[in-house]
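[1] the following comprises the amino acid sequence and a computationally predicted model.
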There are 2 protein chains.
Amino acid sequence: MRIGELAERTGTSRRLLRYYEEQGLIIASRAANGYRDYDRASVDRVIQVRGLLDAGLPTRIIKQILPCLDKPRAIYFPDATPEMIATLEGERDRMARRAECLLRNRDAISEYLDAVREYDRG
Amino acid sequence: MRIGELAERTGTSRRLLRYYEEQGLIIASRAANGYRDYDRASVDRVIQVRGLLDAGLPTRIIKQILPCLDKPRAIYFPDATPEMIATLEGERDRMARRAECLLRNRDAISEYLDAVREYDRG
DNA sequence: TCGAACCATCACATACGTGTGAAGGTCTAC
DNA sequence: GTAGACCTTCACACGTATGTGATGGTTCGA
């Protein structure tokens, strides 16, 4: 699939798809004419990347955690240095804290909305 | 409390505290000499703001959801316009999706780390 | 009273994700 | 063969959260 189709399927501009590739977040093979050629898995990958970006992770970190999401993942094990493991543990915890924060505030908003509805009834 | 103490207690630069105030995220009264004066609640407020920023929310949105977190909140009810309610519902859902994304990826990292540890043992 | 440690405002700079447009190559359909 | 819809690279611009430094006022202890 070419970049236009991927852009449409993921709701992402072509510009950003090229940027993500430049940052090492997605890979594309090239057709004989130089056009980028994406496989079907790229759609999920791009959506994944966008979700993480939206959740506040910078591309540098996303690039590091992406290998965790690939299957089969065995080929990456020998490459897992102690520093890499430590980085992943840190990011895992950071993501958990972020999620907690979001859920806590989501609940607060929900409570507020409930209270407003109650107020409007009374 | 002055800005230096708040900065130290929250791990936030003075520059950013002034920026958050400029964006309407925190408020500070002023001493006779012009120095900012923060109350004790400011510490939690700043930490709250930083958590939301780190989770990817822009100051514009944070400013909108902050009233939900204040107690007592009753005074805000009459101000709750339908558009405001809709915005809050949208942000609430968006935050839930973000949290889901983070937790999903956190789990993937955990699984990866477990697999690496298993690999290193065998 | 002098110096250090605060505080103020203001301006300029940087990193990052993203938009936009120029200049040009490729392919397809009429 | 030409028009239009793709694609390429490159460069410049913007918004936002942040850093840094200049310039100057205030407070407090030696």
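    Noted; the coordinates are in hand.
[2] next, the angle helix B:82-121 makes with the longest helix along chain A.
    Secondary structure of chain A per DSSP state H: the longest helix is helix A:82-121. Angle of helix A:82-121 versus helix B:82-121, following axes from the mean of the first three to the mean of the last three Cα atoms, to 10 degrees, is 150 degrees.
[3] what's the local residue count around A:V46?
    22 (other Cβ atoms under 10 Å in any protein chain shown). Heads up, the C-betas are built off the backbone N, CA and C, glycines and all.
[4] how close does it sit to DNA strand D?
    A:V46 sits 14 Å away from DNA strand D, taking Cβ to the nearest atom of the strand, to the nearest Å as the criterion.
[5] what of A:R18?
    6 Å.
[6] then A:R117?
    From A:R117 to DNA strand D the distance is 29 Å (Cβ to the nearest atom of the strand).
[7] what about that residue, distance to B:L69?
    Taking Cβ to Cβ, to the nearest Å as the measure, A:R117 falls 18 Å from B:L69.
[8] the two: who's more crowded?
    Taking other Cβ under 10 Å, A:R117 and B:L69 do not tie; B:L69 has more neighbours (17 against 13).
[9] leaving out the residues flanking it, which one is nearest to the more buried one?
    Spatial nearest neighbour of B:L69, chain neighbours left out: A:A108 (5.3 Å); criterion: Cβ to Cβ, 6 or more residues apart in numbering or on different chains.
[10] just checking, that neighbour touches B:C68?
    Yes: counting by Cβ atoms under 8 Å, B:C68 is a contact partner of A:A108 at 5.2 Å.
[11] looking at the two, which one has more neighbours?
    B:C68 (22 against 18).
[12] over to the more buried one: give its phi and psi.
    Per-residue torsions, B:C68: phi -60, psi -20 (degrees, to the nearest 10).
[13] distance of the residue nearest to it when sequence neighbours are not counted from B:I61?
    Spatial nearest neighbour of B:C68, chain neighbours left out: A:Y112 (3.8 Å); criterion: Cβ to Cβ, 6+ apart. Computed as Cβ to Cβ, the A:Y112 to B:I61 distance reads 15 Å.
[14] between these two, which is the more surrounded one?
    Using other Cβ under 10 Å as the criterion, A:Y112 and B:I61 rank with A:Y112 on top: 22 against 17.
[15] any idea of the pLDDT on that one?
    A:Y112 is assigned a pLDDT of 92 by the prediction.
[16] I figured it hits B:L88, correct?
    Yes: counting by Cβ under 8 Å, A:Y112 does reach B:L88; the two are 7.1 Å apart.
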